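A.B. asks: All I have is the shape, not the residue letters:
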């Protein structure tokens, strides 16, 4: 796997998602501010509440036709007088509609059913929902529904990778993104809520319609295009469908994420549901079919990922960046420079080799707190983090505030510059 230069080799993919607010334990922090208050009944559409209850497996048990419906939690019917029962008005036209909605929301908040909390989250923040699941053997005899710690972590990591691949595809359609657009893609996932279901075999992400619908729509198209391309490859042996699938958002990042989801399982799947309050996005079905993958799909996915990595060309760029590290083997000659990119490429850092004169210019610019501008080829090898065929290395004037910030960065990294000066 290729990683940005500012990540540790052993570092896991950074979480760009916030936890489901109903979680009270586990490796994710709690976000009680999103779940501490019941949604305002006056702002709830009964049709939306009914659609969410139906989506999450609640049972409609009748009611007064035209006035309200009665809903009970998933699972077998509770004994008389026990369990949760909701009365949901059909419209807000009746005088007691708001009271019934308030009582239903309070009952949901008090319910022990995990689906009740998911319904409340979707009401509080209108969200498209993506659910992942993995079919794995029971870790211990008799531990029905349980998953191993490693399996649960694998599910969570794969889900993050799939979300990131969707956000990257919104930024640009290409077979291999590498480090490009990564910061903005991660920023696009900041408002997503993630909640694991009991047992660690399922995981649901709530993607707020504003501003996250573009990610959900792109993932819908990309996942189905991946499924179709895999089917074509397995039937014909040809990879042509993966080339066409790039336009739908398929990339090496997505194929690697699906591989991570399926590896070690007997099969895995992804289902997407649109937020009832926002309706169905243009060009998508109202009820998308789940997309499922099996271990038999892995060779085709690996082959596609290798193709995307090999086919993505280098890019000619003109980068402006702050010198954050200098290194060479002696007091003279060529050296290696690391830049923090300020403009010219959607990557956080690049590494480049400069001849003696260009290295001297970079060192002087670093001393006085100035960035440099350099032209070159941003190589796909290594994730678009290396600049080759460099030329036109010149310092760039900046305003005083930016210069002070760069000087502070120099002081914090003075050891790196001493290495360059001493030739260590």
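C.D. replies: Nice, I can see it. Just so it is clear, the structure is predicted and the values come from calculations on it, not from any experiment.

A.B. asks: Sketch out the low-pLDDT regions of the stretch 201-350 of the chain for me.
C.D. replies: Within the stretch 201-350 of the chain, no stretch has pLDDT under 70.

A.B. asks: quick one: the strands in it?
C.D. replies: Along the stretch 201-350 of the chain, the segments classed as strands by DSSP state E, counting those that start in this stretch run 202-208, 267-273, 291-293, 315-327, 335-343, 349-354.

A.B. asks: Check those for me and report the most buried one.
C.D. replies: Among these, strand 202-208 has the highest mean neighbour count (mean count of other C-beta atoms under 10 Å), at a mean of 23. Where C-beta positions appear, they are placed from N, C-alpha and C, glycine not excepted.

A.B. asks: So which elements touch that one?
C.D. replies: In terms of contacts (3 or more C-beta pairs under 8 Å, 6 or more residues apart in numbering; DSSP states H and E), strand 202-208 is packed against helix 114-124, strand 127-135, helix 149-171, strand 193-196, helix 209-236.

A.B. asks: Would you reformat these as TSV and include distance to residue 278?
C.D. replies: Listed next are the helices and strands packed on strand 202-208 as TSV, based on distance: least, C-beta to C-beta, whole Å:
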stretch	distance to residue 278
helix 114-124	11
strand 127-135	8
helix 149-171	17
strand 193-196	16
helix 209-236	4
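
A.B. asks: for the ones you listed, which one sits closest to residue 314?
C.D. replies: Closest approach to residue 314 among these (C-beta to C-beta): helix 149-171, 18.6 Å.

A.B. asks: average model confidence for that closest one?
C.D. replies: In this model, helix 149-171 has a mean pLDDT of 92.

A.B. asks: same deal with stretch 40-50?
C.D. replies: Mean predicted lDDT for stretch 40-50 stands at 88.

A.B. asks: Need the strands of the stretch 201-350 of the chain in JSON lines (columns: distance to residue 189).
C.D. replies: Putting the strands of the stretch 201-350 of the chain into JSON lines (distance: least, C-beta to C-beta, whole Å) gives the following:
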{"stretch": "strand 202-208", "distance to residue 189": "8"}
{"stretch": "strand 267-273", "distance to residue 189": "16"}
{"stretch": "strand 291-293", "distance to residue 189": "20"}
{"stretch": "strand 315-327", "distance to residue 189": "25"}
{"stretch": "strand 335-343", "distance to residue 189": "21"}
{"stretch": "strand 349-354", "distance to residue 189": "21"}
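
A.B. asks: Mind listing the strands the helix or strand harbouring residue 388 pairs with, and their directions?
C.D. replies: According to DSSP states H and E, residue 388 maps onto strand 386-395. Here strand 386-395 has these sheet partners by DSSP bridges: strand 349-354 (parallel), strand 372-379 (antiparallel).

A.B. asks: got CSV for those strands, with distance to residue 305 too?
C.D. replies: Converted to CSV, those look like this (distance: least, C-beta to C-beta, whole Å):
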stretch, distance to residue 305
strand 349-354, 23
strand 372-379, 18
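
A.B. asks: Of those, give the one that comes closest to residue 194.
C.D. replies: strand 349-354 (28.2 Å).

A.B. asks: Not counting the closest one itself, show me its contacts.
C.D. replies: 4-6, 179, 319, 321, 324, 334-341, 362, 374, 376, 378, 385-388, 390, 393 (C-beta atoms under 8 Å, 6 or more residues apart in numbering).

A.B. asks: by how many degrees do it and strand 335-343 diverge?
C.D. replies: 140 degrees (axes from the mean of the first three to the mean of the last three C-alpha atoms, to 10 degrees).

A.B. asks: who touches residue 288 in this structure?
C.D. replies: 220, 224, 271-274.

A.B. asks: Relative to residue 190, how far out is it?
C.D. replies: Distance of residue 288 to residue 190, computed by C-beta to C-beta, to the nearest Å: 25 Å.

A.B. asks: follow-up on the earlier one: in the strand holding residue 388, what counts as buried?
C.D. replies: 386-387, 390, 393, 395 (16 or more other C-beta atoms under 10 Å).
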